[in-house]
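Asker: got a structure for you, letters missing:
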């Protein structure tokens, strides 16, 4: 009977080394796949929030329902200058100082009926956090009612108002975009340009990084940010 020969120490060491190399490569591939999946999920989340934000602002500027109590909305949709000083200060104190505030006259269903109210859309810090980083949201507040967070992950909004230039022949060329302080007549506003900085709902960056919108810095934190622009026709 032929005597069987076992593995030598050298062969065991070589087999163990090859096994460790293969295991290391597998772990590295799994970590890379996890990073890619996390990044893609964060990017998809940001883009989804951008689509929702587009719907929110377009819906906010839709014509009022056919209701006699809200007919006055057809004249002044953009509520500038804000006549209600109490409401203005209340919203301004809650809003992020570097972000703009959109004031509108809207037909809102309040107390079982449609009524004309002044409404504010603004960005503020929520009471929540992710990995120790504050969560911000887009809020909607109707005068006399409690503010409601309508979309998480909106870090900042910047507004430009498309004002009609009197005497211009070309309708496209007759619009000039200005900020709030340069509006001459709110009734001449035809377009609204909303620039937003939207972030993911999880930390994906390896290190904290600052972002910028309209010359204003945001962060630093580890969220994934993406600028998003919506242009809405006012009337």
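Answerer: Cool, the structure landed. Since we're looking at a predicted model, the values are computed, not measured.

Asker: what comes up buried for stretch 91-108?
Answerer: 91, 94-96, 99-108 (16 or more other Cβ atoms under 10 Å). Bear in mind the C-beta positions are built from the backbone N, C-alpha and C, glycine included.

Asker: Could you count how many residues lie near the nearest residue to residue 184 once chain neighbours are set aside?
Answerer: Computed as Cβ to Cβ, 6 or more residues apart in numbering, the closest residue to residue 184 that is not its neighbour in sequence is residue 163, at 6.6 Å. For residue 163, the neighbour count with other Cβ atoms under 10 Å is 21.

Asker: Could you look up the SS state of residue 163?
Answerer: strand (DSSP: H, G, I helix; E, B strand; the rest coil).

Asker: What's the separation between it and residue 77?
Answerer: 13 Å (Cβ to Cβ, to the nearest Å).

Asker: which neighbours do these two share?
Answerer: residue 189 (Cβ atoms under 8 Å, 6 or more residues apart in numbering).

Asker: Quick check: chain neighbours aside, which residue is closest to the residue most central in space within the chain?
Answerer: Residue closest to the mean C-alpha point of the chain, counted by Cα atoms, centre = their mean, is residue 154 at 2.9 Å. Nearest residue to residue 154, sequence neighbours excluded (Cβ to Cβ, 6+ apart): residue 138, at 4.0 Å.

Asker: Pretty sure the one you found sits against residue 149.
Answerer: Yes. Residue 138 is within contact range of residue 149, at 7.2 Å (criterion: Cβ atoms under 8 Å).
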